[in-house]
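Trainee: Quick check, what structure comes out for this input:
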Amino acid sequence: MIRLRWLAMVDLVNLQKAVEVENYALAAELRDEINKLEAESLAASANALVYENIQYAFHLGQKGRHKVFVYSGVICGMDPVCCISSSLRESACIDKLTRGSNQPFYQVYHILMHSLRQDEGHG
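Mentor: Residues are numbered from 1 along each chain as shown. Predicted coordinates for the structure are as follows:
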């Protein structure tokens with residue numbers, strides 16, 4: 001976000017120079033670029049608020065069992081909203097979930113219980 005603001009400031013200086021030398025085509029391009037940067041900065045600020053206010057049900061390192069798919073695992077990462085590509089989101093039917101993609105998503109290290117039981121008997 002700081003980089004976006006810095007780029008906007010550089011473009012503002014260049015915009016002023018373009019107007020001073022009456023290069024209005026360049027001034028229009030710079031104006032459009034500044035508007036784009038400001039929109040990106042606003043979107044980044046909105047995303048930052050999501051991260052600040054999110055309430056997670058689980059925490060890093062917590063062991064658990066998936067409600068639907070009944071596999072065990074350990075939470076190794078979290079996202080405040082679904083961050084996968086739209087094609088993966090579509091194939092995983094994320095939008096069909098009760099709260100859709102606008103909810104916390106967890107990265108889970110799967111524990112293979114069958115393998116663990118076999119190893120326990122051979123110690």
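Trainee: Pull the number of nearby residues for residue 18.
Mentor: For residue 18, the number of neighbouring residues by other C-beta atoms under 10 Å comes to 19. Yep, even glycine has a C-beta here, placed from its N, CA and C like the rest.
Trainee: Residue 76 now?
Mentor: If you count neighbours by other C-beta under 10 Å, residue 76 ends up with 12.
Trainee: Residue 30 now?
Mentor: Residue 30 has 21 neighbours, counted by other C-beta under 10 Å.
Trainee: what ranges do the strands span in the chain?
Mentor: Using DSSP state E, the strands of the chain run over residues 63-65, 72-79, 105-111.
Trainee: Indicate which one of those strands is closest to residue 29.
Mentor: Of all the strands of the chain, it is strand 72-79 that lies closest to residue 29, at 35.8 Å by C-beta to C-beta.
Trainee: That closest one pairs with which strands, and in what direction?
Mentor: Using DSSP bridges, the strands paired with strand 72-79 are strand 63-65 (antiparallel), strand 105-111 (antiparallel).
Trainee: most packed of those strands?
Mentor: Greatest average neighbour count among the strands paired with strand 72-79 goes to strand 105-111 (a mean of 14), per mean count of other C-beta atoms under 10 Å.
Trainee: So what's the model's average confidence on it?
Mentor: Strand 105-111 shows a mean pLDDT of 88.
Trainee: Over to stretch 48-58?
Mentor: Averaged over stretch 48-58, pLDDT sits at 79.
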